[in-house]
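Participant: What would the 3D arrangement of this be:
(one chain, ligands or ions: 2)
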Amino acid sequence: MNIALLGYGRMGQTIEQIALKRGHKIVLKVDKDDKDYDITKADVAIDFSIPTVAFNNISNCLNHNVPVISGTTGWLEDYHKAVALCKEKKSAFIYASNYSLGVNIFFELNKTLAKMMSNLKQYNVSMEEIHHTKKLDAPSGTAISLANDIISNHESFDNWKLDETGESIIPITAKRIEDVPGTHTVTYESEVDTVSIEHIAHNRQGFALGAVIAAEWIIGKTGVFTMSDVLNIG
Ligand SMILES: NC(=O)C1=CN([C@@H]2O[C@H](COP(=O)(O)OP(=O)(O)OC[C@H]3O[C@@H](n4cnc5c(N)ncnc54)[C@H](OP(=O)(O)O)[C@@H]3O)[C@@H](O)[C@H]2O)C=CC1
Ligand SMILES: O=C(O)C1=N[C@H](C(=O)O)C[C@H](O)C1
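Facilitator: Ligands and ions are numbered 1, 2, ... in the order given. Purely as a prediction, here's the structure:
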């Protein structure tokens, strides 16, 4: 498979290592100053760039009918436009806030726990995410996915906020500590006990492997998909 890497930072470089090991070829590496590149050289594009350019990168792929896997977080206000463009162009697109197998299992646990807690009003929910100090967005895309899944499965919550509490709000705390690849904790607390679930990434390999697997999976398909489709869970 000929892969274009849109963004060649920490994730782009980790994806390159894994893609090469799986027998793929990197035909394009696009970073900040690369403007006039030919995306059609690639069978598939993998975008791990920055929030302000992700939508442009994705649109460029969809407009040229190159399937695109995006892991960039912090651009979701434009997600609906990417979905509409993908349908219009009959192209293929996946966005996931987290491509690791472990986090996608964690997403399912979080939904199940939220359903179980829905009628137990004595428990208050909160969430914490910890990432490295170079991260541009807060809260993390993964924390937003977790919060939205609680909102869809728990009758007491209809919103999330960073560093704010209130009725029907899921409070999220974002901590930045050097070199932490990504830790997410969902906690339900009552007067008598605490129930919490946690995912700790030890490095970036899991995110990168998931993105390459998604790229392999999407070839030959048309439509907008999720990591649940790729992994066949949920
Ligand atoms: N979904 C998931 O599983 C995961 C998602 N992420 C997300 O992926 C994104 C990237 O993370 P990470 O690799 O750690 O970040 P980095 O900052 O290491 O990499 C981002 C890269 O994008 C480059 N870039 C800037 N402008 C453009 C442009 N116009 N086109 C293409 N690339 C550009 C940057 O170049 P320069 O430095 O020169 O500006 C940089 O090399 C983040 O949004 C992060 O939250 C991260 C891990 C897992
Ligand atoms: O920026 C990161 O590093 C990560 N970003 C993603 C997010 O915002 O959830 C996924 C992972 O936690 C690492």
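Participant: Was I right to think residue 113 contacts residue 198?
Facilitator: No. In this structure, residue 113 is not within contact of residue 198 by Cβ atoms under 8 Å, at 11.8 Å. For every residue, glycine as well, the C-beta is placed using N, CA and C.
Participant: Name the residues contacting each of these two.
Facilitator: Both residue 113 and residue 198 are contacted by residue 186, under the criterion Cβ atoms under 8 Å, 6 or more residues apart in numbering.
Participant: So between those two, which is more surrounded?
Facilitator: Neighbours per residue (other Cβ atoms under 10 Å) separate residue 113 from residue 198, with residue 113 holding more: 20 against 11.
Participant: what's the burial count for residue 111?
Facilitator: With other Cβ under 10 Å as criterion, residue 111 counts 17.
Participant: ok, it touching residue 153?
Facilitator: Yes. Taking contacts as Cβ under 8 Å, residue 111 lies within contact range of residue 153: 5.1 Å.
Participant: from the chain, which residue is nearest to ligand 1?
Facilitator: At 1.9 Å from ligand 1, residue 9 is the closest residue in the chain, using Cβ to the nearest ligand atom.
Participant: Give me the distance between the nearest residue to that residue once chain neighbours are set aside and residue 170.
Facilitator: In this structure, residue 9 finds its nearest non-sequential neighbour in residue 48, 7.1 Å apart by Cβ to Cβ, 6 or more residues apart in numbering. According to Cβ to Cβ, to the nearest Å, residue 48 and residue 170 sit 27 Å apart.
Participant: For the residue nearest in space to the middle of the chain, give me its contacts.
Facilitator: Most central in the chain under Cα atoms, centre = their mean is residue 97, positioned 1.0 Å from the mean C-alpha point. Residue 97 is in contact with 71, 73, 140-142, 144-145, counting by Cβ under 8 Å, 6+ apart.
Participant: quick one: which helix or strand includes residue 172?
Facilitator: Per DSSP states H and E: residue 172 is located in strand 169-176.
Participant: domain assignment for this structure?
Facilitator: Following automatic domain parsing, one gets these domains for the chain: 2-95+205-231, 101-201.
Participant: deepest of those, which one?
Facilitator: Ranked by mean neighbour count, these are led by domain 2-95+205-231 with a mean of 19 (mean count of other Cβ atoms under 10 Å).
Participant: Mind checking if the one helix or strand residue 160 maps to is in reach of ligand 2?
Facilitator: If you go by DSSP H and E, residue 160 is part of strand 159-162. No. Applying Cβ under 6 Å from any ligand atom, one finds strand 159-162 separated from ligand 2 by no less than 12.9 Å.
Participant: Can you list the helices and strands that that strand packs against?
Facilitator: On a contact count with 3 or more Cβ pairs under 8 Å, 6 or more residues apart in numbering; DSSP states H and E, strand 159-162 meets helix 141-153, strand 169-176.
Participant: sorry, back to before: in terms of secondary structure, what does the strand holding residue 172 contact?
Facilitator: strand 124-131, helix 141-153, strand 159-162.
Participant: Assess the claim that residue 101 and residue 210 are in contact.
Facilitator: Yes. Counting by Cβ under 8 Å, residue 210 is a contact partner of residue 101 at 6.2 Å.
Participant: What separation do you get for the residue nearest to the centre of the chain and residue 193?
Facilitator: 29 Å.
Participant: do the same with residue 228
Facilitator: Going from residue 228 to residue 193 by Cβ to Cβ gives 31 Å.
Participant: likewise residue 7?
Facilitator: Using Cβ to Cβ, residue 7 is found at 43 Å from residue 193.
Participant: before we move on, what about residue 102?
Facilitator: The gap separating residue 102 from residue 193 is 25 Å, by Cβ to Cβ.
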